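Peer 1: Structure of the sequence below:
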Amino acid sequence: MNYSMFDSEIEKSYSACPYKRLWASVLIQAIKDIDTREGGAQAIKTRYEAKRWFFQKGNEEFSPSWICDILDLDINRLLNKCCTQEGRENLLSSQKEKKKMEQEKKQKKVKSL
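Peer 2: Below is the predicted model:
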């Protein structure tokens, strides 16, 4: 399954207005928490709670589905991608690359001053 289009949808949401960045960050943190591997019992608890929240049914306020509605994302596509470690890694790596580019831009601005 090709998720590059979906990754760009999250990027658009992340680049949007501040409240959309906040909700995109909530989803990204949940994905990171699902991938938590180190830390013993605390990591297991974090991973369990993140999975329980992330894969819950319904569209209640502050649920992943509710957040996806705000971000104009398809919750089913997000869930499908997050079911595999590879899919989660693809999502997280695209966010890391974006942050790295933003940091490089800031450094260039500082150097030019």
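Peer 1: Where does the prediction get shaky in this structure?
Peer 2: 1-16, 94-113 (pLDDT under 70).
Peer 1: All the helices of it, residue numbers only.
Peer 2: Secondary structure of the chain (DSSP state H): helices located at 4-15, 18-34, 41-54, 64-71, 75-82, 85-112.
Peer 1: so what secondary structure elements neighbour the second one?
Peer 2: Helix 18-34 makes packing contacts with helix 4-15, helix 41-54, helix 64-71, helix 75-82, helix 85-112 when contacts are defined by 3 or more C-beta pairs under 8 Å, 6 or more residues apart in numbering; DSSP states H and E. For every residue, glycine as well, the C-beta is placed using N, CA and C.
Peer 1: And for residue 64, the neighbour number?
Peer 2: Residues contacting residue 64 under the criterion other C-beta atoms under 10 Å number 22.
Peer 1: same deal with residue 81?
Peer 2: Burial of residue 81, expressed as a neighbour count using other C-beta under 10 Å, amounts to 19.
Peer 1: Repeat that for the one 3 residues further on.
Peer 2: Using other C-beta under 10 Å, residue 84 is surrounded by 11 other residues.
Peer 1: Same check on residue 91?
Peer 2: Number of residues near residue 91 (other C-beta under 10 Å) recorded here: 21.
Peer 1: repeat for residue 63
Peer 2: Residue 63: 16 neighbours (other C-beta under 10 Å).
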